[in-house]
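Chemist: The following block contains a protein sequence and its predicted model.
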Amino acid sequence: DMLTESSSEYSSKVPKPFFPVAPLVGRISDGGSHNHESPQPKQPHQPIPVTAIGRITSVRRIAKRLVFADFAPPDYPMASLSASAHPHQSSYEKDMPWRSGEDGRDMYVQLIVGKTFCDSLGENEGPEELKTLKPGRLVVVRGAANVD
């Protein structure tokens, strides 16, 4: 059963799904027309619209209206949740459950859910809804990605 396998077994048996954006390092061209004599460098922290379906694997509540959550593919094995949620794990040790849709490299995705989300639901409802974000929950994410 896929839900009881470890993340290493998951990634060796099933090709990692693509995520629609990629980190800036090693990104390929978007295919648009560029002036090759004076290339325009990509600006860091430029929001890129993204919509994705996935599973929350860990949640860190930073403040009443701010949550950081790791985000994996929908069929990510539940047995991996305890390993990926270790509180002292650095970003370099994180499981990389996605493949970049631009260059095919392994990557992980972190959701930052805060003020904009809470304001869209209301002063009281927003923070209450943040409490429902728990490891294992399947969610649809629509927002802007700041790619690092």
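Modeler: Looks like it came in fine. Numbers count the residues shown, from 1 in each chain.

Chemist: So in this structure, where's the weakest helix or strand by average pLDDT?
Modeler: Taking mean pLDDT, DSSP states H and E as the measure, helix 80-84 is the helix or strand of the chain with the lowest mean score, a mean of 49.

Chemist: Does Cys118 fall in a helix, a strand, or a coil region?
Modeler: For Cys118, the secondary structure call by DSSP: H, G, I helix; E, B strand; the rest coil comes out as helix.

Chemist: Work out for me the element the nearest residue to it once chain neighbours are set aside sits within.
Modeler: Closest residue to Cys118 in three dimensions, ignoring its sequence neighbours and counting by C-beta to C-beta, 6 or more residues apart in numbering: Gly126, at 2.8 Å. Where you see a C-beta, it was placed from the backbone N, CA and C, and this is true even at glycine. Here Gly126, judged by DSSP states H and E, is contained in helix 125-130.

Chemist: which residues of this structure fall in strands?
Modeler: Secondary structure of the chain, counting by DSSP state E: strands at 18-19, 48-63, 66-72, 98-100, 106-107, 109-113, 138-145.
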